[in-house]
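*Asks:* what follows is a predicted structure for the sequence shown.
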Amino acid sequence: MIPELGQFSLILAFCLSILLGTLPIIGAARSNMVWMNLARPLATGIFVFLGISIGILAYTFVTDDFSVQIVAAQSNSLLPMHYKLTALWGGHEGSFLLWTFMLSGWMLAVSVFSKTMPIEFVARVLGVLGLLCVSYILFMLATSNPFMRIVPLPPGDGSDLNTALQDFGFIVHPPTLYMGYVGFSVVFAFAIAALLSGRLDAAWARWSRPWANISWAILTIGIALGSWWAYYELGWGGWWAWDPVENPPLITWLLGTALIHSLAVTEKRGVFKSWTVLLAILAFSGSLLGTFITRSGLLTSVHAFASDPTRGVFILAILVIAVGGALLLYAIRAPQMKSEFGFGLVSREIFLLANNVLLVVSAASIFLGTMFPMIYQALTDDLISIGPPYFNAIFGPLMILLILVLGVGPMSRWKRTSTSYLVQQLAKVAAASIAIGVVLPLLVLFEISFAAIICVVLASWIVLSMAKDLRNKIANKETVSKGLRTLSLSYYGMQIAHIGVAVMLIGVGLTSYFSTERSVLLAPGATVTLGSYAFRFDGSEATQGPNYIADQATFSVSKDGNSLGELYPERRIYLATGTPSTEMAIDAGFLRDLFITLGEEKEDGAWTMTVYVKPFVRWIWLGAIFMAIGGTLAATDKRYRRLRQRKSARDITAKEKIEPDSLQPAASP
Amino acid sequence: MDKLKYFVPSFVFIALAILLWRGLYLDTRTLPSMLIDKPLPTFTLAKVEGEPVSNSDLPDEIFLLNVWGSYCLPCLIEHPTFMRLSEEGEIPVVGINYKDQNELAKDWLDTNGNPFSFSIEDLDGRFGIDLGVYGAPETYLVDAEGVIRYRHVSVLDETVWNQEFLPAIAELEARSN
């Protein structure tokens, strides 16, 4: 009976979505206040009913109701409570309900934090989100009902959650990724609302900027969590594999990154308007395409859910209607968007344009690499595969160019910057970066490594040009602390996010080039050394977990004779399915990670194993955290919270005319 | 004319949508039918363990031929299934170590366990080309006469084993009786 209530609640949410997808949009077109004012209560209602629905599904998991199909498929009575709860999103149906619930959460957030926007705009935004909700719930009800029962004879126990998923990473990675992903629907809805209203000024850019920044920050964390999880749990030690299903979030992220920069230009300067709208549509398409790829079985991948062409056709239909419709609306309305101002050949606009071009080109090439095997097969019936070498060869150089631009952009001014000013400002920065880049790796490594030099030069370039810009900005203030206080939160947000790029760059570069590993067979008491680290194998013993048995090995790790403590890698057998699983042991450090994976037991208690040293690997995720903090700070800037009508791009230009020679750019993106 | 350029994204998207739709109905998991029911290509190569190996060394019963490599991440996902199959003696599994390096391949087998009766070392991928290998992992079902009967591209987990291989094997056994 209880699961049927969840289903009923889902149907109620569906009915409310239909109302939300129609009445407020029609109301906005006819200036009907009553219909427009329905948007907020309807959005709240959808949130409540989807909440009840997912709550009930969680309840069936927690209470081991194996008569529900997905509980029987994804859970087991032995499973610890926190995994029972999260097993909900361990499969296609449950995770799609979570996805839809996230969308309703964003809708609720829009209806709460939109007090400063005109009601017809809010009505259109929520209406568009309502239409998305309609399609998602219809998809669930028609092809992937999470509340489907097993009749007449339910199994006595469930077949267990995939053992690779029984991990902390599984608790946090999918919800965060989905939340970021779905957040781009909000920005999409803003863009569509702007197109519908025909009011294509800078206002929509200002309104959607905080939403874009927050979604982007959450998506950054979501992707980083996935990378971190793959690194430590799947036992691969890899943090990125260019897997066909890893790529769409990255594509969305790259387009999202382009979008948050382009929105800045549109808000501040009133240029790139139609481009920004297009980017908002594309970023959303990226997220929808990711769903399509994962859930249709279009590409084979470790992430893919059970494949089912009916689902694929349905999602493709959603994709065609949502994205196709949006692009058509764009094609009709975009010619009305005229840039209000021009800009010079050397100006902040140009550098941001370069940023956009580089990001969009990288997104497009990753998209091409991901889809090409399928496209090729569709055209020729032959099979090919495209691997990491393609992606690395394209992505690397593009990112190097992007980072070079990144150093110049923030220092340049809107409208027009003199080249000599930039050269004067940045010549020393460039020289210092090269010096640091050559000397620092040499001091640490005692060898000349081209890769290390490139990484350190580029990272120094980012950090030093930031420092220089900061110094310029506070140079004419009385005291440093006073100067620092006058800078806006969004400026600090930008700085921190850019430093995140430098941190991640160091992590990616140094881990890729300087990781070492060794596979050995060790008898108890024997030691293996790797660089200056020694790992002594002290033997293994049997242990037991809540739903598995394991062999746990003990290692004493030391560096140059100084003990660093003990590590305990495990080899587990999960009881419900008999599946073995390797739990690596990691000694995480700021400058390096040490880890051990256990292989097989041989005679006399000897084990095969692999030991790894991964320098700077934590910096990859540390960089992502910096970026996310930066994005969040930028979104919480107080100018977005002001109630009164804000300055338009026109007013900002007027102000600039008064002080055209000010050393500071008008404001920072 | 100027207004037409705004329709470019729509046109690109339409083309893409058609490809995606076509892609849904492509079967990326089955072999082009020409190699099915044909004997395995002949080969004279070395085992990863060192000794020479040719067609005559293959098991004279129904067996699995699994394409793997130490670089292949999905191979680790299907690995427990092969370990179980070989430990329980359900079916012999022969490996093809595809475009790998001998040292890395040996390390991989030591670290993760060796489910294979032996692994054929296909360093330059020539045998793979003869066989029509798309990439690791990939698994062939070969009968006692050395004829390819079924092919599965990508990960072979317990579900695939139960739903695809067991019926195929049952059918083969029924036919030979």
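*Replies:* Yep, that arrived.

*Asks:* strands of chain A, start to end?
*Replies:* In chain A, the strands defined using DSSP state E lie at A:516-522, A:527-530, A:533-544, A:548-559, A:562-567, A:570-574, A:580-583, A:585-587, A:592-601, A:607-615.

*Asks:* whoops, I mixed them up, chain B
*Replies:* Along chain B, the stretches classed as strands by DSSP E are B:44-47, B:52-54, B:63-68, B:93-98, B:119-122, B:138-142, B:148-153.

*Asks:* now do the buried residues in stretch A:507-518.
*Replies:* Of all the residues in stretch A:507-518, those buried under the rule 16 or more other Cβ atoms under 10 Å in any protein chain shown are A:Gly507, A:Val508, A:Gly509, A:Leu510, A:Thr511, A:Ser512, A:Phe514, A:Ser515. Backbone N, C-alpha and C define where each C-beta goes, glycine included.

*Asks:* hang on, the fourth one packs against A:Ile453?
*Replies:* No: using Cβ atoms under 8 Å, A:Leu510 and A:Ile453 do not qualify as a contacting pair, with a distance of 11.4 Å.

*Asks:* what residues does chain B have near chain A?
*Replies:* B:2-3, B:6-7, B:9-10, B:13-14, B:17, B:19-26, B:28-29, B:32, B:73-74, B:76-77, B:80, B:83-84, B:107-108, B:110-113, B:134-135, B:153-155, B:158 (Cβ under 8 Å from any Cβ of the partner chain).

*Asks:* next step: those restricted to helices.
*Replies:* The helices, defined by DSSP state H, take in B:9-10, B:13-14, B:17, B:19-24, B:73-74, B:76-77, B:80, B:83-84, B:107-108, B:110-112, B:158 from the residues of chain B next to chain A.

*Asks:* now the buried members of these.
*Replies:* Going by neighbour count (16+ other Cβ under 10 Å), these have B:9-10, B:13, B:17, B:20-21, B:23-24, B:73-74, B:76-77, B:80, B:83-84, B:107-108, B:110-112, B:158 buried.

*Asks:* how about low-confidence regions in the chain?
*Replies:* Since you didn't name a chain, this refers to chain A. Per-residue confidence for chain A (pLDDT under 70) gives these ranges: A:234-237, A:296-309, A:339-340, A:381-385, A:445-447, A:577-578, A:639-669.

*Asks:* oops, I was thinking of chain B
*Replies:* Scanning chain B for pLDDT under 70 picks out the ranges B:1-2, B:26-34, B:134, B:177.

*Asks:* find the centremost residue of it, please.
*Replies:* B:Glu138 (1.4 Å; Cα atoms, centre = their mean).

*Asks:* spatially nearest residue to that residue, not counting backbone neighbours?
*Replies:* For B:Glu138, the nearest residue in space outside its immediate sequence neighbours is B:Val67; the separation is 4.2 Å by Cβ to Cβ, 6 or more residues apart in numbering or on different chains.

*Asks:* A:Pro524 too?
*Replies:* Spatially, and ignoring its direct neighbours in sequence, A:Pro524 is nearest to A:Gly539 (3.9 Å; Cβ to Cβ, 6+ apart).

*Asks:* which residues touch that neighbour?
*Replies:* The contact partners of A:Gly539, by Cβ atoms under 8 Å, 6 or more residues apart in numbering or on different chains, come to A:Pro524, A:Gly525, A:Ala553, A:Thr554, A:Gly605.

*Asks:* let me see the contact set for the last one.
*Replies:* Meaning A:Gly605. When the contact criterion is Cβ under 8 Å, 6+ apart, the partners of A:Gly605 are A:Ala523, A:Pro524, A:Gly539, A:Ser540.

*Asks:* dump the residue contacts of the first one.
*Replies:* Put plainly, it is A:Ala523. A:Ala523 makes contacts with A:Phe537, A:Asp604, A:Gly605, A:Ala606, as judged by Cβ under 8 Å, 6+ apart.

*Asks:* just give the number of residues close to the first one.
*Replies:* Residues within reach of A:Phe537, counting by other Cβ atoms under 10 Å in any protein chain shown, total 24.

*Asks:* in this structure A:Met107 contacts A:Leu131, no?
*Replies:* No: applying Cβ under 8 Å, one finds A:Met107 not in contact with A:Leu131, separated by 11.3 Å.
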